[in-house]
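Q: Next comes the sequence, and after it the predicted model I'd like to discuss.
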Amino acid sequence: MITFFVSIIILVIAYFTYGKFIEKMFDPAETRKTPAYANQDGVDFVPMNKHKNALIQLLNIAGTGPIFGPIMGALYGPVAFLWIVIGSIFAGAVHDYLTGMISIRNKGAHIPELAGKFLGAASRHIVNVFALLLLLLVGTVFVTTPASLLAILLDGKVALGIIIAVIFAYYFLSTILPIDKIIGRMYPYFGAILLIGTLGVGIALVFSDYKIPELNLTNMHPADLPIFPMLFFTITCGALSGFHATQSPIISRTVQKESQGRYIFYGMMIAEAIIAMIWAAASMSIFDGQTLSGIINSGTPSAVVNEVSMTLLGAVGGTIAVLGAIVLPITSGDTAFRAARSIIADYIKLDQQKVMKRLMIAVPLFAISVLLTQIDFNLLWRYFSWANQATAAIALWIGTMYLYIQGKNYLVSMAPAIFITYMVFVYILNQKIGFNLDLNISFIIGFVLTIIIVAMFYAKARKNREEDVETAIAVD
C-alpha cells in the first residue's frame, strides 16, 4: 500500500512542480487572443470557462484507457505503477500540454496540420491518415465497451444491439451539434458520476482487507509477455496516449486564456493517471494473475470492472462505479467522432458552420464505424494500441520541433519522443500484426530506425531555423 500512496502523492506534487516548470518554459501569453475568441463560430470555436474545459478535457482523454489499460497492465504486476507515474509526469502530461498549447498558438489546428507545419508537408498527409484511423478505432471501441458494460449491468434485459444503437445516436448528435449544446451541458453530470465511482473504488480498496502489492520489477504476466515493449502499448491513456493529441485541439478552441493551459492539459493528464492507479491497484489486489487473465480472456475487461466494483462497493455503490466506467468511453467516443469531423473539414477546407456540411462528413464516418463493430474487440484493441502510440510519438516530435525553433528546452519532449518511437518500432517489428520478427532482432532494428528518425529530426530542425519559420509558429 505504501507504493500506491507514494505514487498518488508524487503525481499530485508533479503538477505543482514539473508542470509549473513546463508551463514557465513554454511561457503562455496572458493577453494573446485565443482561437475561442479570434475564430468564434458558435459550433467548434466557443469560449468556455476553465473548469468546464478541464472537465471536458478529462472526460475526452479518459476513455476506457485509464480503466481497461491498467486492468490489462495489472497482469504484469506492480511494475505497471512505475510506468503510470513516470510516463504520465514526463511523457503524457508534457505531450498533452504541448499539443494543446501549440494548437492554441496555431488557430486551434489539429495534429495533421501541425505535423505539416513543423515536420514537413508530407507529414500532414501521413498524420491525417494515422489520426483518422486512430479516431475511427477509438470511436468504434468506445461504442462496444460501454455497451458491454451496460449489458452486464442490465443483466441482459436489453439487447446489446439496442444499447449500441442508442450510444451511436448520442455520438451522432454530439458530433454535429455545437460543442456547448450537448457536450458542454452533459459533461458536468458525467463528471460527477465518474468522480464518485472512481473515488469510491479507491477508498473502498484502501479500507478493505485486500493487500495492494508493493513495487517490484518482476514480470508477473501469466503468458510471459515481455514488459518491453508490451506494457507501453497496454497502459496508454493512463500514462502516454496519442489519442490525447486528437482531443486537446478540441479544447484549444474553447480556452479563454493561455494561462489556463497547465490546469486544463497537464493537470487533467495527472488526474487520469490517478484514475489509472486506482484501477491497476484494485485489479492486482483482488485477483491473481491467472484469474485476472481468465476473466479478461472470457470476454473483455468489462467483466473485471463489474467484478471489482461489486466486490468493493456492493450492489448500489458498485452500480455507480460501473456507471462511472461507462461514462469514460462514452465521453471519449463522442469527441473522437467530433475530432474526426474537424480534422477532415480542416483537411479539405470545408467550413462547418452549416449543419449540412457537418453531415456530409459525419454520415460516412459513422457508416464505417458501424461496419467496424463487427470486428473482434481484441483485434481492434491491438491495432488501436499501435496507432495510438505512433500518434503519440508524432505529437511529441511536433512539440520538440516547436520548442527547438523557439530556442527553448526541447529535451523535455525529445526524451519521451525517442523512447516511444523506439517502442513503436520494436512493437510493429515483433508483433504478428506487424513483421513477426524475433524480439532481440526487433530491438536492434528498432534502435537503428530510431537513430535515423533522430537524425532526420535534426536535419529538418536546422533547415527550419535557416529558413526562419518564426511566422509559422506565432499567429495573431
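A: Thanks, I have the structure now.
Q: What's the end-to-end length of stretch 429-444?
A: 10 Å (Cα to Cα, to the nearest Å).
Q: how far is that stretch from where the chain is centred?
A: 25 Å (Cα atoms, centre = their mean, to the nearest Å).
Q: which residues of the stretch 251-400 of the chain fall in strands?
A: For the stretch 251-400 of the chain, applying DSSP state E, counting those that start in this stretch gives no strands.
Q: pLDDT below threshold where in it?
A: Along the stretch 251-400 of the chain, the parts satisfying pLDDT under 70 run over 299-300, 377-382.
Q: show me where it has helices.
A: For the stretch 251-400 of the chain, the helices defined by DSSP state H, counting those that start in this stretch cover 261, 267-286, 289-298, 302-348, 355-372, 377-406.
Q: Using CSV, write out every CA atom in the fifth one.
A: Once non-C-alpha atoms are left out, helix 355-372 reads as follows in CSV (Å, rounded to 0.1, in the frame of the first residue of the first chain):
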residue,chain,number,x,y,z
VAL,A,355,-25.2,21.7,-40.4
MET,A,356,-25.5,20.1,-43.8
LYS,A,357,-21.7,20.4,-44.3
ARG,A,358,-21.2,18.7,-40.9
LEU,A,359,-23.5,15.9,-42.1
MET,A,360,-21.5,15.5,-45.3
ILE,A,361,-18.6,14.3,-43.2
ALA,A,362,-20.3,12.7,-40.2
VAL,A,363,-22.6,10.3,-42.0
PRO,A,364,-19.8,8.4,-43.9
LEU,A,365,-17.7,8.3,-40.7
PHE,A,366,-20.5,6.6,-38.7
ALA,A,367,-21.2,4.2,-41.6
ILE,A,368,-17.6,3.0,-41.5
SER,A,369,-17.7,2.7,-37.7
VAL,A,370,-20.9,0.6,-37.8
LEU,A,371,-19.0,-1.8,-40.0
LEU,A,372,-16.0,-1.9,-37.7
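Q: Report the buried residues of it.
A: R358, M360, I361, A362, L365, F366, S369 (16 or more other Cβ atoms under 10 Å). All C-beta spots, glycine's among them, are computed from the backbone N, C-alpha and C.
Q: between these, which is nearest I375?
A: Of all these, I375 sits closest to S369, with 10.8 Å by Cβ to Cβ.
Q: now that closest one, nearest residue through space, not along the chain?
A: The shortest distance from S369 to any non-neighbouring residue, by Cβ to Cβ, 6 or more residues apart in numbering, is to T140 (4.8 Å).
Q: shouldn't the one you found be in contact with Q374?
A: No - with contacts counted by Cβ atoms under 8 Å, T140 stays clear of Q374, the gap being 9.7 Å.
Q: Mind checking which of these two has more residues around it?
A: T140 (24 against 7; other Cβ atoms under 10 Å).
Q: Give me the pLDDT for the more buried one.
A: T140 carries a pLDDT score of 86 in this model.
Q: What residues of the helix or strand encompassing it count as buried?
A: Under the criterion of DSSP states H and E, T140 resides in helix 121-153. Within helix 121-153, the residues that count as buried by 16+ other Cβ under 10 Å are 123-124, 127-128, 130-153.
Q: What of stretch 303-323?
A: Neighbour-count burial for stretch 303-323 flags 303-313, 317-323 (criterion: 16+ other Cβ under 10 Å).
Q: Mind giving me the packing neighbours of the helix or strand containing N440?
A: Using DSSP H and E, the element containing N440 is helix 439-466. The contact analysis (3 or more Cβ pairs under 8 Å, 6 or more residues apart in numbering; DSSP states H and E) places helix 439-466 against helix 377-406, helix 411-430.
Q: Serialize those helices to a markdown table and add fields for mean neighbour count and distance to L240.
A: Below are those laid out as a markdown table (neighbours: other Cβ atoms under 10 Å; distance: least, Cβ to Cβ, whole Å):
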| stretch | mean neighbour count | distance to L240 |
| --- | --- | --- |
| helix 377-406 | 22 | 5 |
| helix 411-430 | 22 | 6 |
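Q: Now render these as TSV, adding distance to Y458.
A: As requested, the helices and strands packed on helix 439-466 are arranged in TSV below (distance: least, Cβ to Cβ, whole Å):
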stretch	distance to Y458
helix 377-406	9
helix 411-430	10
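Q: can you tell me which of these comes nearest to A14?
A: Using Cβ to Cβ, the nearest of those to A14 is helix 411-430, at 13.0 Å.
Q: so that closest one versus helix 439-466, what angle?
A: Helix 411-430 and helix 439-466 are oriented at 140 degrees to each other (axes from the mean of the first three to the mean of the last three Cα atoms, to 10 degrees).
Q: Give me the angle between helix 411-430 and helix 377-406.
A: Counting by the same axes, to 10 degrees, helix 411-430 points 150 degrees away from the direction of helix 377-406.
Q: Packing partners of helix 411-430?
A: On a contact count with 3+ Cβ pairs under 8 Å, 6+ apart, helix 411-430 meets helix 93-105, helix 227-234, helix 377-406, helix 439-466.
Q: buried sites along the shortest one?
A: Judged by neighbour count using 16+ other Cβ under 10 Å, the buried positions of helix 227-234 are I227, P229, M230, L231, F232, F233, T234.
Q: And for stretch 238-256?
A: Residues of stretch 238-256 classed as buried under the neighbour-count rule (16+ other Cβ under 10 Å) are 238-255.
Q: mind exporting that stretch as CSV, just the C-alpha atoms?
A: Taking Å, rounded to 0.1, in the frame of the first residue of the first chain, the C-alpha atoms of stretch 238-256 are listed here in CSV:
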residue,chain,number,x,y,z
GLY,A,238,-3.1,6.4,-18.1
ALA,A,239,0.5,7.2,-19.0
LEU,A,240,1.0,8.4,-22.6
SER,A,241,-1.6,8.3,-25.4
GLY,A,242,-1.6,9.7,-28.9
PHE,A,243,-5.4,9.8,-28.7
HIS,A,244,-5.0,12.8,-26.4
ALA,A,245,-3.3,14.7,-29.3
THR,A,246,-6.5,14.4,-31.2
GLN,A,247,-8.6,15.7,-28.2
SER,A,248,-6.5,18.6,-26.9
PRO,A,249,-7.1,20.7,-30.1
ILE,A,250,-10.9,20.4,-29.4
ILE,A,251,-10.4,22.2,-26.1
SER,A,252,-7.8,24.6,-27.6
ARG,A,253,-10.7,26.1,-29.5
THR,A,254,-12.7,26.8,-26.3
VAL,A,255,-9.9,28.0,-23.9
GLN,A,256,-10.3,31.6,-22.7
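Q: i'd like the first residue to be 7 from this point on
A: Let's use 7 as the start, then, which means that last one is stretch 244-262.
Q: roughly how far out does it sit from the chain middle?
A: 8 Å.
Q: now stretch 421-428
A: Using Cα atoms, centre = their mean, the offset of stretch 421-428 from its chain centre is 17 Å.
Q: Now do the SS call for G440.
A: coil (DSSP: H, G, I helix; E, B strand; the rest coil).
Q: For it, which non-adjacent residue is closest in space?
A: G440's closest residue in space is I434 (Cβ to Cβ, 6+ apart), at 3.7 Å.
Q: D444: neighbour count?
A: 10.
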